[in-house]
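>>> build me a model from this:
(one chain, ligands or ions: 1)
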Amino acid sequence: MGVPNPRSPAAVAAYVLSIIEAAADTPYIGEPMSQTEHSLQCGFLATSSSPPVDEQTQVAALLHDIGQFTPVADLREASRAGFTGVQNMGSSASESVGRHGHEVIGARFLLALGFPEKVARLVESHVAAKRYLCAVDPGYHATLSDASKKSLVYQGGPMQGAEKEAFESSPWCEDMCRLRKWDDAAKIVDLEVPQLPSWKPIIERVLQENAV
Ligand code: FE
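Numbers count the residues shown, from 1 in each chain. Sure thing, here's the model as predicted:
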């Protein structure tokens, strides 16, 4: 459907939901489920979190992997339209296997679409949050799959020093860690969760609050 112009909350909400819907045939890497199912499950875990989390965090959970499966043409279109922060996404986004830095691509794309800073930062940090959690939560590493333990090594291993301090100084550190755990858990085959239309009003509210 293409990047909406003008970017009203209703149009942007419908647009990002159409991107997730279109990923129904895209497998979630390493799991017998689609990117759509994984996104919906992650969002569902956020909405049913105890203690409850705000709607920005819920929306970040739903959209955390959007940089992984948004068509390159859409990323380019956002870039061409001159939206801030999206200009340099072209080359990395065109890599075919497991786009490098999908968390950064997603965060920039969402900022360009008018999502709040918090949503973008939560999306951007969901890969690094694994490295942070491994550093501070001894039980967390044991919960990772073998593939995830292996990739941790390539990702730089558990965070330490200044990088770790910077991560925990974020006012959103706690929600970043929560999102990571929902992401890890959102791999349950055939789990019934609320579908995409239920997200439209929530996304619209988050965009509306940021617009005023
Ligand atoms: Fe994910």
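>>> show the contacting residues for the residue nearest to the spatial centre of the chain.
For the chain, the residue nearest the mean C-alpha position is His64 (0.8 Å; C-alpha atoms, centre = their mean). Shown in contact with His64 (C-beta atoms under 8 Å, 6 or more residues apart in numbering): 39, 42, 103, 106, 122-123, 126, 179, 183. Using the backbone N, CA and C atoms, a C-beta is placed for each residue, glycine as well.
>>> repeat the analysis, applying 7 Å as the threshold.
Applying C-beta atoms under 7 Å, 6 or more residues apart in numbering to His64 gives the contacts 42, 123, 126, 179, 183.
>>> count the residues that sit near the second one.
Other residues lying near Val123 total 31 when counted by other C-beta atoms under 10 Å.
>>> quick revisit: separation between the residue nearest to the centre of the chain and Asp183?
Note on His64: its distance to Asp183, by C-beta to C-beta, to the nearest Å, is 6 Å.
>>> could you tell me which residues touch both of the two?
42, 126.
>>> end-to-end on stretch 142-162?
25 Å (C-alpha to C-alpha, to the nearest Å).
>>> near the ion at all, that stretch?
No. Using C-beta under 5 Å from the ion, stretch 142-162 stays clear of the ion, coming no nearer than 11.1 Å.
>>> may I see the buried residues of that stretch?
Residues of stretch 142-162 classed as buried: 144, 152, 158-159 (neighbour count, 16 or more other C-beta atoms under 10 Å).
>>> check stretch 41-54 too.
41-47, 49, 53.
>>> contacting residues around it?
Residues from elsewhere that reach stretch 41-54, judged by C-beta under 7 Å, 6+ apart: 57-58, 61-62, 64, 175, 178, 182-183, 185-186, 188, 191, 193-194, 199.
>>> ok, now stretch 1-12?
Residues external to stretch 1-12 that are found in contact with it (C-beta under 7 Å, 6+ apart): 15, 18, 74, 77-78, 81, 113-114, 204, 207-208, 211.
>>> rounded mean pLDDT for it, please.
In this model, stretch 1-12 carries a mean pLDDT of 89.
>>> what is the end-to-end distance of it?
End to end - C-alpha to C-alpha - stretch 1-12 spans 11 Å.
>>> go on, stretch 167-178?
Stretch 167-178 end-to-end distance (C-alpha to C-alpha) = 14 Å.
>>> report the buried residues of that stretch.
167, 172-173, 175-178.
>>> same deal with stretch 28-38?
28, 33-38.
>>> that stretch and the ion, any residue contact?
No. Using C-beta under 5 Å from the ion, stretch 28-38 never reaches the ion; the gap is at least 5.8 Å.
>>> burial of Thr26, as a residue count?
The burial count for Thr26: 14, using other C-beta under 10 Å.
>>> so that it lines up with my notes, have the first residue be 54 from now on.
Got it, the first residue is 54 from now on, which makes the last one we talked about Thr79.
>>> contacting residues around it?
When contacts are taken as C-beta under 7 Å, 6+ apart, Thr79 is in contact with 87-88, 122.
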